[in-house]
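[1] How does the following fold in three dimensions:
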Amino acid sequence: DALLAARRARGRDDAARQDALSRARRLWRVGLAALAVSFLNPFSWRALWQPFEYFLFWRHEKLYQLVSELGPVDWSRNVLDGLILLLALWPVLLLWRARRRGLDVVEVALAALFIPMALTSQRFLGNLALAALPFLARDLDAWIGARRWPRWTAAAPARAALTSVACVALAWPELSRSDPPLGVGMEWKAYPVAACDFIAAHEVRGRAFNHLRTGGYLLWRFWPDRGRLPFMDVHFAGTPELRARYIAAMTTPGAWGALDLQHRFDYALLARPQAPGDHLPDLLDADTTWALVFVDDAAALYVRRAGHLASLADNLGYRVLGAGRERLFALTGAASTDSVLRAQAAAELHRQVQASPTTALSLSFLANIAMLEGRLDEARDALQRALASDPRNPELHLRLGRVALRAGRTAEAIAELRKELEARPGARDAELALGLAYRAAGDTNRARAAYLRVLKRDPDDELASALLGQLPARGDRK
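    Numbering: from 1, shown residues only. So this is what the prediction gives:
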């Protein structure tokens, strides 16, 4: 009997080993097949090598460091989306399962790979969630099954309802955010759609310089037209030296001239708004060999005044307005005292508004001109149109509040300024304007509260102190 039992045990062990070997062979075959399929892409082995090339070499380049999604995790943007809970829960459940049923080597390997990868680059947060999901679901189900629950929770409808409530509760903080709005689609306002419409309508082609943010849309819109291909695309094409010269052209004095001398660009499609440290729009505004022919909230198009685009530059080049900060700031100051300049600027701004549906900046500038000339209803209309074009620009509510206050519409002013403070809690300019609106409405107690909120954050704020000192005694609403 003992000998028979031993033979049976050896037989079971042999069968188990054979089964394990068979499963291992199947796993290797699947792995090799998956590896082979990975090469079936338009870029072959280069596509597989690129992540390693980025990690070993490219991540040290300035161009890649400017891409926010390639940077470390921005925790302020991931407070409500469950990332912190995921990072805490996965290791805890992994260890809990290891104590009960042994270590899951695959789970440990994936956690060791994806957690550090996600923490070093925001781009891999989605990969982390996908890798963790099946293990979290399995381990969380096992943990819940190991607990004692009330009898009524044993029914399938009750479990489904509890699971649904838990899922909604977990997602609700993120789903309830107003910015960005909930939905699926393309943020077309961020792409140079109208600028490319202009390029197509006016036969703009040749050697292009472009900001990286406009390259993907240029490719999508005009491929395979070689006269409209971007200089720098979304894959950062070119050598490390070329990428370094691309960055230098926007940030280093003299570098743009050297790059332009080498490539002799015919047109430049630059993204808006102007990024900090990028001086190229200012350089082109000041360079008389270039002309700004199109501009909206998403992009600015410059063409060379010499060559095959010379007639376009002469006929449609802006005389007064530019797309860079320096030209716009200088124009704002000069227009405050020069009525002729204001009229010229207004005419060009109206042209911008007619050329594109995304012109909140142009409408905002038109509102400035209208306010300077005391045309408050026109200023209000321009700002409301700007807000319709760009609902996520909170400072438009501040400016609408100021226009309403100047027009004597205190209730409207208070409503707009409250919207501003909902978007920018504690904003000094909005609090001070709200205090003025409450005072104009005769509510000195609320005006005082607004000024005191400013002083609580900055006790040395002289303007808030002066406005507070102008209020009558507490409790007097006159």
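
[2] Could you list the low-pLDDT ranges of this structure?
    Confidence mapping of the chain against pLDDT under 70 gives the ranges 1, 4, 178-180, 236-237, 474-478.

[3] Point me to the residue sitting closest to the centre of it.
    Ser68 (8.7 Å; C-alpha atoms, centre = their mean).

[4] distance between stretch 92-108 and the chain's centre?
    Relative to its chain's centre, stretch 92-108 lies at 37 Å (C-alpha atoms, centre = their mean, to the nearest Å).

[5] how close does the residue nearest to the centre of the chain get to Ala132?
    Separation of Ser68 from Ala132 (C-beta to C-beta, to the nearest Å) stands at 23 Å. Every residue, glycine included, has its C-beta placed from N, CA and C.

[6] pretty sure the residue nearest to the centre of the chain contacts Gln122?
    Yes - assessed by C-beta atoms under 8 Å, Ser68 is found in contact with Gln122 at 7.2 Å.

[7] Quick check: neighbours shared by these two?
    Listed contacts common to Ser68 and Gln122 are Asp74; contacts here mean C-beta atoms under 8 Å, 6 or more residues apart in numbering.

[8] and the residue nearest to the centre of the chain, what does it touch?
    Neighbouring residues of Ser68 by C-beta under 8 Å, 6+ apart: 74, 122.

[9] let's see it at 10 Å
    Contacts for Ser68 (C-beta atoms under 10 Å, 6 or more residues apart in numbering) come out as 74, 77, 122-123.

[10] Just the buried residues out of the residues you listed, in PyMOL syntax.
    Only the buried entries of the contacts of Ser68 go into this PyMOL selection, using 16 or more other C-beta atoms under 10 Å:
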select buried, resi 122
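
[11] now, among the contacts of Ser68, which is nearest to Asp429?
    For those, the residue nearest Asp429 by C-beta to C-beta is Arg77; the value is 24.6 Å.

[12] Please name the residues that touch the closest one.
    Per C-beta under 10 Å, 6+ apart, neighbours of Arg77: 68, 83, 122.

[13] Where do the helices of the stretch 251-400 of the chain begin and end?
    Secondary structure of the stretch 251-400 of the chain by DSSP state H, counting those that start in this stretch: the helices cover 255-263, 280-286, 310-316, 325-335, 339-355, 360-372, 376-389, 395-406.

[14] rewinding a little: format the contacts of Ser68 as CSV; extra columns: secondary structure and distance to Arg25.
    Below are those laid out as CSV (DSSP: H, G, I helix; E, B strand; the rest coil; distance: C-beta to C-beta, whole Å):
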residue, secondary structure, distance to Arg25
Asp74, coil, 45
Arg77, helix, 46
Gln122, helix, 39
Arg123, helix, 36
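
[15] and the two most separated of the contacts of Ser68?
    Farthest apart among these by C-beta to C-beta are Arg77 and Arg123. That separation is 13.4 Å.

[16] Please report phi then psi for Gly183.
    Main-chain dihedrals, Gly183, degrees, to the nearest 10: phi 160, psi 170.

[17] neighbours around it, how many?
    The number of residues packed near Gly183 is 5, by other C-beta atoms under 10 Å.

[18] How about the one 5 residues further on?
    The number of residues packed near Trp188 is 12, by other C-beta under 10 Å.

[19] From Leu283, how far out is it?
    For Trp188 relative to Leu283 (C-beta to C-beta), the value is 29 Å.

[20] And Val234, by the same measure?
    24 Å.

[21] Compare the two and say which one has the larger neighbour count.
    With neighbours defined as other C-beta under 10 Å, Val234 and Leu283 compare such that Leu283 has more, 18 against 15.

[22] can you pull the contacts of the more buried one?
    Contacts of Leu283 by C-beta under 10 Å, 6+ apart are 249-250, 253, 256-257, 260, 290, 324, 326.

[23] try 8 Å this time
    Residues in contact with Leu283 (C-beta under 8 Å, 6+ apart) are 256, 324.

[24] ditto for His263
    Contacts of His263 by C-beta under 8 Å, 6+ apart are 207, 209, 231.

[25] again with Leu85
    With contact taken as C-beta under 8 Å, 6+ apart, Leu85 is in contact with Leu170.

[26] number of nearby residues for Val105?
    A count of nearby residues for Val105, using other C-beta under 10 Å, gives 8.

[27] just wondering, since we're on it, how far is it from Leu94?
    Separation of Val105 from Leu94 (C-beta to C-beta): 11 Å.

[28] List the buried residues for the longest helix that the chain contains?
    The residue-count maximum for a helix in the chain (DSSP state H) belongs to helix 2-38. Using 16+ other C-beta under 10 Å as the test for burial, helix 2-38 gives no buried residues.

[29] Same question for stretch 93-108.
    Of the residues in stretch 93-108, 93-94, 97, 104, 107 count as buried by neighbour count, 16+ other C-beta under 10 Å.

[30] Check stretch 211-229 too.
    Across stretch 211-229, burial judged by 16+ other C-beta under 10 Å covers 211-215, 217-219, 221-222, 228-229.

[31] For the protein, just list every one of the strands.
    With strands called from DSSP state E, the chain shows them at 208-210, 267-271, 290-295, 299-304.

[32] out of those strands, deepest packed?
    Among the strands of the chain, judged by mean count of other C-beta atoms under 10 Å, the one packed with the most neighbours on average is strand 299-304 (a mean of 27).

[33] what angle sits between it and strand 290-295?
    Angle, strand 299-304 to strand 290-295, by axes from the mean of the first three to the mean of the last three C-alpha atoms, to 10 degrees: 150 degrees.

[34] Adjacent strands (with direction) for strand 299-304?
    If you go by DSSP bridges, strand 299-304 pairs up with strand 267-271 (antiparallel), strand 290-295 (antiparallel).

[35] Out of those, the one nearest Leu421 is which?
    Among the strands paired with strand 299-304, the nearest to Leu421 by C-beta to C-beta is strand 267-271 (30.3 Å).

[36] that older thread, show me what the longest helix of the chain is packed up against.
    On a contact count with 3 or more C-beta pairs under 8 Å, 6 or more residues apart in numbering; DSSP states H and E, helix 2-38 meets no helix or strand.

[37] Use 49 as the first number from now on
    I'll keep to 49 as the first residue from here, and by that count the last item is helix 50-86.

[38] returning to that earlier point: taking the buried residues of stretch 141-156, tell me the two that lie furthest apart.
    The most widely separated members of these, counting by C-beta to C-beta, are Leu141 and Asp152 (10.5 Å).

[39] overlap in contacts of the two?
    Common contact partners of Leu141 and Asp152 (C-beta under 8 Å, 6+ apart): Phe183.
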